[in-house]
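Student: Take this sequence and fold it.
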Amino acid sequence: MIGFGKSSLSGSLRNLASSTRLAHWLIVGLTVAVALVIPARAQAPNHEAPPAPSGSISGTIVDKDGALVANVRVTCIQGAASTREVLSDQDGYFMLRDIPPGSFQLVFNAAGFAPQQKSGTLQPSENYLVPETTLAVGATTTDVEVTLKPVEVAQEQIHVEEQQRLFGVIPNFYVSYVKNAVPLTSKQKFQLAWKSTIDPVSFGITGAIAGFEQWSNQYGGYGQGTEGYAKRYGAAYADFVSGTFIGGAILPSLLKQDPRYFYKGTGSRKSRLLYAVAMSVVCKGDNGRWQANYSSILGGLAAGGLSNLYYPDNDRNGLSLTFENALIGTGEGAAVNIIQEFIMRRLTPHAPAPEAAKN
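Tutor: Numbering: from 1, shown residues only. Model prediction:
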């Protein structure tokens, strides 16, 4: 083992000495080569042309009246991406420095003025003077937001409601297909009542009611013939006018309630049915909140009591009968609301589109 170790050690030392001498001569050779090559390359002629000297572009900017325009942004564009920018000073003067020679395009931008463009070619070391640049006043666009007053919006909505007619004929003014309709003013409530009572179709319907009452000899105290028909017609029309004005204009104005039925149109059939029934005793106040429909309930009582002034003695309603008729009227109102919710809209040609009803 010892002899083997010595032999290996001496061999390794010999190899190391040989490697050291080889590395020494390699280093010497490389040093000489570098010393010879580098000066040679330094002395070789350089065939690359020096860059062309840059120049400048300057000019003055005025408006159409010849006044100097300050703070105009002047952009110099060369090629696809080479751009320089500068602002004109208080004297309308600008200068773009260190601009490479070649073709260029100048773009002038300033608030209140139309954009302006100029182009040219800059020579090496040239101080290019741009002819005086005149900016034109730009076209101004003003966004005006017109906001209608609530009373004006309500008037437009009433105008739409006055076009609503069943089968295109029978007035259906007291229903709103816009859920968030603007509350009506007192004047508008009376306007809607007036439109309803003087509509020609209302006179025709009253005439048909009077004719049926005469045919069935209802309110016999009026008698028959032309006089009897005229009395029945007058009583039926008085009922219609008093009910419309008291329940649709006078009390809603005093109690600040909306006399219209607000079409629901969405949800399940059950929810819409319950909503329609509830609307016979509930209404929307002018404050947008739901409340007891005192206008309709008290209006029915008032109209019933008023009718005792012109009906025959034998057909006048006592106090108990007046309340009974008021309850019957509430039930009739619920039935009408159900018809409004599920049927009448389909029969009303000028009712707003479903999209508008969702507003």
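Student: Do you have the helices of the stretch 201-350 of the chain handy? List them.
Tutor: 225-245, 251-255, 269-278, 294-307, 319-342 (DSSP state H, counting those that start in this stretch).
Student: Those helices: lowest mean pLDDT?
Tutor: Here the lowest mean pLDDT among those goes to helix 319-342, at a mean of 78.
Student: report the angle between the axes of it and helix 269-278?
Tutor: Angle of helix 319-342 versus helix 269-278, following axes from the mean of the first three to the mean of the last three C-alpha atoms, to 10 degrees, is 150 degrees.
Student: Show me what helix 319-342 packs onto, helices and strands only.
Tutor: Helix 319-342 sits against helix 269-278, helix 294-307, with contacts defined as 3 or more C-beta pairs under 8 Å, 6 or more residues apart in numbering; DSSP states H and E. Heads up, the C-betas are built off the backbone N, CA and C, glycines and all.
Student: returning to what we had before: right, so of the helices of the stretch 201-350 of the chain, which gets closest to residue 94?
Tutor: Closest to residue 94 of the helices of the stretch 201-350 of the chain, according to C-beta to C-beta: helix 251-255, at 69.7 Å.
Student: Report the distance from that closest one to the chain centre.
Tutor: In this view, helix 251-255 has its centroid 34 Å away from the chain centroid, taken as C-alpha atoms, centre = their mean, to the nearest Å.
Student: Next, the buried residues of that helix.
Tutor: Within helix 251-255, the residues that count as buried by 16 or more other C-beta atoms under 10 Å are 251-253, 255.
Student: That helix - contacts with which helices or strands?
Tutor: Contact analysis of helix 251-255 by 3+ C-beta pairs under 8 Å, 6+ apart lists helix 186-197, helix 294-307 as its packing neighbours.
Student: tell me the domain ranges of this structure?
Tutor: What automatic domain parsing lists as the domains of the chain is 55-135, 150-357.
Student: Pick the most buried one from the ones you listed.
Tutor: domain 150-357 (a mean of 16; mean count of other C-beta atoms under 10 Å).
Student: got a list of contacts for stretch 207-219?
Tutor: With C-beta atoms under 8 Å, 6 or more residues apart in numbering as the test, stretch 207-219 has contacts from 222, 224, 228-229, 231-233, 235-236, 311-312, 315.
Student: Throw the residues you listed into a markdown table and include distance to residue 201, thanks.
Tutor: Shown next, in a markdown table, are these (distance: C-beta to C-beta, whole Å):
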| residue | distance to residue 201 |
| --- | --- |
| 222 | 24 |
| 224 | 27 |
| 228 | 24 |
| 229 | 19 |
| 231 | 22 |
| 232 | 19 |
| 233 | 15 |
| 235 | 19 |
| 236 | 14 |
| 311 | 25 |
| 312 | 28 |
| 315 | 27 |
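Student: Nearest to residue 173, out of those residues: which one, please.
Tutor: residue 236 (19.2 Å).
Student: And the closest one, how far from residue 53?
Tutor: Residue 236 is 105 Å from residue 53, where distance means C-beta to C-beta, to the nearest Å.
Student: now residue 66
Tutor: Remark: distance between residue 66 and residue 53 (C-beta to C-beta) = 35 Å.
Student: Quick check: chain neighbours aside, which residue is closest to residue 90?
Tutor: Leaving out its chain neighbours, the residue that sits closest to residue 90 by C-beta to C-beta, 6 or more residues apart in numbering is residue 70, at 4.8 Å.
Student: can you give me the strands in this protein?
Tutor: 55-63, 73-78, 82-87, 93-99, 102-109, 116-122, 127-129, 133-135, 165-166, 170-171, 175-176, 261-262, 282-284, 290-292 (DSSP state E).
Student: Nice, that's everything, thank you.
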